[in-house]
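Undergrad: Sequence plus the predicted model coming up.
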Amino acid sequence: METNQSIHFSSSSSELSDNDTVTNYESQFSNHGKRKRKRSRSAGADKDCQLGHKHSRHLSEEHKHYHSHSHKRKLKKMKHKHHKSKHGHIDKECKHQHKHRTEASDQDSNSDISDSEKEKKIQKKSQSSSERKNLLDSNPDTETLDYNFDFSKYKASLSRMFFRENFFSKIAIRGSQEHDDFWNFVNKFVEFQRKKAEKSKDAKVQLGAESGQLNLPKVFDVSYKINISFISKDFDVFFKKNRLVDYQLEKELSRGRVLQFRSIILHYLDFQQKQKFQKIYKICKDQRELPIYQHKETIIQMLQKYQVIVVAGDTGCGKSTQVPQYLLEAGYHKIACTQPRRIACISLAKRVGYETLNEYGSEVAYQVRFEKSKTQSTRILFLTEGLLLRQMKTDPLLEMYNIIIIDEVHERHVNTDFLLGVLKCVIKQRSDLKLVLMSATININLFSNYFNGAPVLKVPGRLYPIELEYCPVKTDDSVDSKRLDPRPYINIMQRIDHKHPSTERGDLLIFLSGMSEIMAVVEAAKAYAQKTKRWIVLPLHSALSIEEQDKVFDYAPDGVRKCVVSTNIAETSVTIDGVRFIVDSGKVKEMSFDPKFKMQKLQEFWISRASSEQRKGRAGRTGPGVCYRLYDESDYNSFDEYSTPELQRVPLDSLILQMISMGLPDARKFPFIEPPNMSSVENSIIFLKEQAALASDESLTPIGQMLSMLPVDVVIGKMLIMGSIFNMIDPILSITAAMSVQSPFTNRAYTDHDALVARKPLESEHGDPFTLLNAFDEWIQVKAQGQGTRKWCKRRGLEEQRFYEMTKLKRQFKDLLKDHHLLDREEATARYMSSDERRAQHGERKKLNELRKEKMKDNKRRKFLTLEDEEFKVSDEEGDINKGDDIKDLEFRLSNDLNQLQETSNKSRNFTLRDINLMKIILCSGLYPQVAIPDECNTYRRDTEQTFHTKSKPFVLLHPTSIFASHPDLLTPKYLEHKKLSQSELKGLFSSKHELLAYVSLLETNNKPYLVNAMKVPALQTVTLFSNSIDTNADCTRLIFDSWLEFKFKDALTAEKVISSVIQLRSTWHSLLLVRLKDTFEGLEEDRRISTRARQLERILASKLTEFLNADFLYSIRRVLAAEMQRAYVGPGKVTDQGTAAMFDKILKVNSMGKEHPIKGGIQVTDYLTFNCLLDDASASVWGEFTQGMQRFWKCPLCGQSMLVNVLERLQHEAVCSSEGGQGLEQLQVEDSEKISELNPLRKSYFCTECNKELSLTTTEILKHKKTHLAT
Amino acid sequence: MADDKQQHDRRVFSCTTCDFTVDYHYKGRKPPFANCILLHEECYVLKDPFSTSGGFVTVGGLCSMCNRDVCLSNGCSLFYTQRFCTNCSVKHIQEFPHELQQEIMHKLKS
Ligand SMILES: [Zn+2]
Ligand SMILES: [Zn+2]
């Protein structure tokens, strides 16, 4: 009966399926009870297998063993060894067995079968199968093992039996990708089999073909196509005993079902293998199809012969991804590949890692400013040009690499040109270093010639023919020319609709100059798309979030075209497949720089012929295309051949600072591929001197040295250094981070009434940097309170992404300062977390993983755009949180200690006016000389007409995004709030409250200059502390700063106080910087903390500074015009009377410090202060001469010495006394050191019960203090 | 960066039928990095490059008739109890079941 049953079963299942393996097992079970039968059968099987092994190698050693084992008579001893191998046998061999089940085998022990016997056997084999088939077909009694069984109901038991091995363990974990993938497969597979079975119900089993030397089973069975098997101990047990040892299986899981399931697993493994193989195969195939592949050998041969080669290829030829791999294959393994953009480094490292099947290794890595994936085993490193340059500081000959690829050289960024120049020198000293320049096919000879005729390999891209049409736009003067007329663009869309049936795929890419132009066209195009339903309009520019940008890569549904409206970002950096139509406006907006005014200009230019061709080429990447140029052919011919390299149009400050720090002292002589304007170099050197980064001999000052180490802008770098020195680092980090990313305030924040109202509480009367600080702090608060920040941001017209960027940047800046010992490493304050907190964190982590997974799936799904995709909905509904943002929120929560963040932001909000002033001074240390003085007539002007003057640029306006533009009343001086003064009264008004505007940048748009990111700063303190030149009259009552701002004091006593404070402060500041710099360099070797001496100086400086900021000096302020300055100085050698002359003589003899200033006249007391060089008007000078010579008794506050001195003598004494390291000052401070500690804004009063004392400490200091008690 | 000595000896699998080439980690039936897996033929095997948690990928094998290295792509080989390169399977097409004969003819075309 058993036998029968099994036969029936096999028959039914083989009928239903493609002869599933199940049948094979079942056939074997059926023999379990019958020892004799089994033996003979298995002996037969054994024989069969051995045959198979001998001739077709498809049996392993283990298989044989197994057979021997089942064949107990033969090799009983080996029993214990064969556990592992069983299933290999089971899968395959059983099949053979059952094929021969009717065949009585009597050749059991005979392993050497002659060929003729073998053939006989094969014949028998096919015969027997067909016999069996007939037999089975006729039997209706079956255990119906159909495909209607729901395996997923028995997940637990099946997992228990099959997935306990390490290899499968992931499948057993519910919620894992592997688990989901597998069970999806099970469902699909079963479903497929069921359908297939229904279809082929009546199909006749096809009989075997001719027999021959291959020894193939003749009845087709899908499982024969699977070359894989696996071992499962638990299944073995089940297979033997029909149950598991310590586990109760459901009775529904019959042997048949279990076997069926096992077969599904095999199919799954096979399916997985095929999938993975396909992936690898495709990588290889795609690589071969790239145009560059044809030149692989040539490139390697060229490099063997030459030190420098140029590979010129159009986008899409594959050079960026392939050339590094070719070099790796050729045996180079210290390969550096530079990229102009950070993002490209990361994506290329990922791509090349994937292609070299090293996705998760570090053989291919990237390194950018704040992140790296590089390790010891890295062979190909993608890095930014800037970083490679930085590496030369420690490795001047770049000996860590043996080949350097500079990609995208044609883009000609400042760093590209600099790197080329530097490498030109390096290769002379390192004959083993190879250099590969990769460029688009633009201006190739320039690069080749620069490297003494380096050989060029040209790789044509895959370009299809492109139809070109010039459609010049007639400029209509009646229309406001400021706004772009979108009609010509819509016309082209209409033409495409008329000319090309919507079934012909192909998208449109429009190149415009800037964001406002994009908005104009997008708006009109969307209106058109609404009508036709044939377009999806998508903007593309760098200000969009990554998610929005990514939309341009998705597919449009059938019959609909994408219309991507882009800046020149799509010209080279972003490649969109499927573009067939190009509309080229011929315009580009570029930030240019006017070095004369240090002003950035966003200007619209005609593009170059090179970029015009580049744009056109974008239409022919995937098929023939059309390019519409919205300008005349004559325009095209008048275009420049190439775009202006960046070096010619940006400030060179950082570049020059870096050059000097790398030991290239004279930028004027550097062998640039195309030298920049000399005036631009000179201007930058002047700026760096103004910033006190360069000394007058163009060597680096201490601060210059520090700045050259920090990979940030000079201005930001200075603020960070000062922030760390004055213990104000957290708010300064926030503000500098905010200045370094795009503004979180969107256009809506300034136009939408609701947003305007909602963001009002964030505004700071002190200015825009403080508004940014408030916004950031408030955002942290909202987050800490566990509320949805996304909605909060939307209400206020804020772009949340910017806050995430700021958080990240803040942390990076902080790490940078710590790395350079400008900030103490925090104690590893592993904050104690309660179990609840820990549980919550665990939950968040889990949720994050789930969300990420969901988003991954989402991303896969969202490959097709819908017509609604272009709508950017702003909705206030609850639950309108898209998954991406929630992920960011969770990531943020997990990577930041919100409590700590909240604590610091709480502090920010409790800033006193003193704190704010200190912050302003810190910010000004970077911003100065970017200050502007309000026009005298501002109080009588309308809000929008408020004008300001900078040193070089008069009549500048407030940028409309500035708080002062919307609230000009904030600029009204305090002393004017209640009274109206006449213009003449205002002129020369004495007050202690004069203010200037410090600004982050000057920007010119639409031919109007604007102050961007402005804040109010106390005039006297800012200017006296940071100006490069202070010129005085005889009694210092009149001062001119940096040749454009004049301050007058009411009396000589005030003037003396001011000047003496300034000398002390500036010299203490200077010595502190020296000490800190020393710390920094010494700290490079050991993990040193900031020295106590530095700490001491910091305290002194902070207290003195606060005193200075709080002082109420009465003074007047005025802008001095350039014409006036020409007759402002006494001039050298022009001593007016005997008395002064005598005094000069006396001074010059007595004190070598005081030299006459060669141009201004007067005495140069310090490098910034020139005494008595100002020519006073007649009346004043009389008084001045009188006071100047007058001697008084004076006690130096520093050294305590009493002396009889005149003004000059006193100034000189002070300059010397305080520059001697300010020891006197320290002395002075010892007494009230207690008071000083209060000056640290983070300190609060704390009463320690242990030592019974009132202390003033910061939060961390309190903890440390408590610890000292615990220790004792 | 990597040192010279770290340059491990690469083992390269090249298909003799198409130009597919790839570095492999193991040749045999029991990939050491997939402990419970057993292959029915000697294969060229890679550690799964697409996963961080182990796994393997078989990329090629030997034709059981002519003993040439062939990759697992449809165009190059076929597995049916043993591996056959396209050449050999075409040569012996008559011996394959009908279901496969079609498939083999298809290979020939591609
Ligand atoms: Zn192949
Ligand atoms: Zn072959």
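TA: Looks like it arrived, so ask away. Numbering: from 1, shown residues only, chains lettered A, B, ... in the order given. Ligands and ions are numbered 1, 2, ... in the order given.

Undergrad: so what does the host helix or strand of A:Arg1066 touch, helix or strand wise?
TA: Under the criterion of DSSP states H and E, A:Arg1066 resides in helix A:1052-1083. Other helices and strands packing on helix A:1052-1083, by 3 or more C-beta pairs under 8 Å, 6 or more residues apart in numbering or on different chains; DSSP states H and E, are helix A:702-709, helix A:714-725, helix A:1019-1026, helix A:1092-1110, strand A:1169-1171, helix A:1207-1219. Where C-beta positions appear, they are placed from N, C-alpha and C, glycine not excepted.

Undergrad: Give me the distance between A:Met531 and ligand 1.
TA: If you look again at residue A:531, you'll see it is Lys, not Met. 52 Å (C-beta to the ion, to the nearest Å).

Undergrad: returning to that earlier point: so which bits of the helix holding A:Arg1066 are buried?
TA: A:1052, A:1054-1077, A:1079-1080, A:1083 (16 or more other C-beta atoms under 10 Å in any protein chain shown).

Undergrad: Output the longest helix belonging to chain B.
TA: helix B:98-109 (DSSP state H).

Undergrad: Pull out the buried positions in that helix.
TA: B:Glu99, B:Leu100, B:Gln101, B:Glu103, B:Ile104, B:Lys107.

Undergrad: related to what we said a few turns ago, lowest average pLDDT across the helices and strands packed on helix A:1052-1083?
TA: Among these, helix A:1207-1219 carries the lowest mean pLDDT, a mean of 72.

Undergrad: is it true that A:Ala529 touches A:Val522?
TA: No. A:Ala529 is beyond contact range of A:Val522, at 9.8 Å (criterion: C-beta atoms under 8 Å).

Undergrad: Can you classify the most centrally placed residue in chain B by secondary structure?
TA: In chain B, the residue lying closest to the centroid (C-alpha atoms, centre = their mean) is B:Gly60, at 1.2 Å. Assigned with DSSP: H, G, I helix; E, B strand; the rest coil, B:Gly60 falls in the strand class.

Undergrad: Over to A:Ile536?
TA: Looking at A:Ile536 with three-state DSSP, the answer is strand.

Undergrad: gap between it and ligand 1?
TA: For A:Ile536, the distance to ligand 1 - C-beta to the ion - is 41 Å.

Undergrad: Need the residues touching each of A:Ala529 and A:Val522.
TA: Counting by C-beta atoms under 8 Å, 6 or more residues apart in numbering or on different chains, the residues touching both A:Ala529 and A:Val522 are A:Val537.

Undergrad: what helices or strands is the helix or strand bottoming out on mean pLDDT in chain B leaning on?
TA: Ranked by mean pLDDT, DSSP states H and E, the weakest helix or strand in chain B is helix B:98-109, scoring a mean of 81. Using 3+ C-beta pairs under 8 Å, 6+ apart, the elements in contact with helix B:98-109 are strand B:77-79, helix B:86-91.

Undergrad: hmm, back to that, how far does the helix holding A:Arg1066 sit from the chain's center?
TA: From the chain centre to the centre of helix A:1052-1083 is a distance of 38 Å (C-alpha atoms, centre = their mean, to the nearest Å).

Undergrad: Show me which residues of the stretch 701-850 of chain A are close to ligand 1?
TA: Neighbours of ligand 1 within the stretch 701-850 of chain A, by C-beta under 5 Å from the ion: none found.

Undergrad: show me where the stretch 701-850 of chain A has helices.
TA: A:702-709, A:714-725, A:729-740, A:748-751, A:753-759, A:768-784, A:789-795, A:800-819, A:835-861 (DSSP state H, counting those that start in this stretch).

Undergrad: do you know which of these lies nearest A:Glu198?
TA: In terms of C-beta to C-beta, the element of the helices of the stretch 701-850 of chain A nearest to A:Glu198 is helix A:835-861, at 30.4 Å.

Undergrad: what mean pLDDT does that closest one have?
TA: On average, helix A:835-861 scores 65.

Undergrad: and A:Val323, which of the three is it?
TA: helix.

Undergrad: Now the residue in the stretch 151-300 of chain A positioned nearest to ligand 2: closest residue in space, sequence neighbours ignored.
TA: Minimum separation of the stretch 151-300 of chain A from ligand 2 (C-beta to the ion) falls at A:Leu214, amounting to 10.9 Å. Nearest non-adjacent residue to A:Leu214, counting by C-beta to C-beta, 6 or more residues apart in numbering or on different chains: B:Glu95, 4.7 Å away.

Undergrad: I'd say that neighbour and B:Met65 touch.
TA: No. Between B:Glu95 and B:Met65 there is no contact, the gap being 10.9 Å when judged by C-beta under 8 Å.

Undergrad: any common contacting residues for the two?
TA: A:Leu214.

Undergrad: Of these two, give the one with the bigger neighbour count.
TA: Neighbours per residue, other C-beta atoms under 10 Å in any protein chain shown: of B:Glu95 and B:Met65, the larger number sits with B:Glu95, 22 against 18.

Undergrad: Now do the buried residues in the one helix or strand A:Gly386 maps to.
TA: Assigned by DSSP H and E, A:Gly386 belongs to helix A:385-391. For helix A:385-391, a neighbour-count test (16+ other C-beta under 10 Å) marks A:Glu385, A:Gly386, A:Leu387, A:Leu388, A:Leu389, A:Arg390, A:Gln391 as buried.

Undergrad: what does stretch A:603-613 give?
TA: A:Gln603, A:Phe605, A:Trp606, A:Ile607, A:Ser608, A:Arg609, A:Ala610, A:Ser611, A:Ser612, A:Glu613.

Undergrad: One more: stretch B:16-35?
TA: B:16-18, B:20, B:22-24, B:26-27, B:29-31, B:34.

Undergrad: Wait, A:Val459 touches A:Ala312, no?
TA: Yes. Using C-beta under 8 Å, A:Val459 is in contact with A:Ala312, at 6.9 Å.

Undergrad: Overlap of the contact sets of these two?
TA: Shared contacts of A:Val459 and A:Ala312, counting by C-beta under 8 Å, 6+ apart, come down to nothing at all.

Undergrad: So A:Gly453: helix, strand or coil?
TA: Relying on three-state DSSP, one would call A:Gly453 coil.

Undergrad: picking up where we left off before, distance of the residue nearest to the centre of chain B relative to chain A?
TA: For B:Gly60, the distance to chain A (C-beta to the nearest C-beta, to the nearest Å) stands at 9 Å.

Undergrad: Tell me the confidence at A:Pro557?
TA: For A:Pro557, the model assigns a pLDDT of 87.

Undergrad: Relative to chain B, how far out is it?
TA: 30 Å.

Undergrad: For the nearest residue to A:Lys1048 once chain neighbours are set aside, identify the helix or strand it belongs to.
TA: In space, and not counting its chain neighbours, A:Lys1048 is closest to A:Ser1116: 4.8 Å by C-beta to C-beta, 6+ apart. Per DSSP H and E: A:Ser1116 is located in strand A:1115-1119.

Undergrad: got the contact list for that strand?
TA: A:933, A:949, A:987-992, A:994, A:1019-1020, A:1044-1050, A:1054.

Undergrad: and ligand 1, which of the residues you listed reach it?
TA: Within the contacts of strand A:1115-1119, nothing lies near ligand 1 by C-beta under 5 Å from the ion.

Undergrad: Weed out the non-buried ones from these.
TA: A:933, A:949, A:989, A:991-992, A:994, A:1019-1020, A:1044-1049, A:1054.

Undergrad: Mind checking which of these are in strands?
TA: A:Ile933, A:His949, A:Leu1045, A:Glu1046, A:Phe1047, A:Lys1048, A:Phe1049 (DSSP state E).

Undergrad: Kindly reformat the residues you listed as JSON lines and extend each row with pLDDT and distance to ligand 2.
TA: JSON lines is the format used below for these (pLDDT from 0 to 100; distance: C-beta to the ion, whole Å):
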{"residue": "A:Ile933", "pLDDT": "92", "distance to ligand 2": "89"}
{"residue": "A:His949", "pLDDT": "92", "distance to ligand 2": "87"}
{"residue": "A:Leu1045", "pLDDT": "92", "distance to ligand 2": "90"}
{"residue": "A:Glu1046", "pLDDT": "92", "distance to ligand 2": "96"}
{"residue": "A:Phe1047", "pLDDT": "92", "distance to ligand 2": "95"}
{"residue": "A:Lys1048", "pLDDT": "91", "distance to ligand 2": "101"}
{"residue": "A:Phe1049", "pLDDT": "90", "distance to ligand 2": "101"}
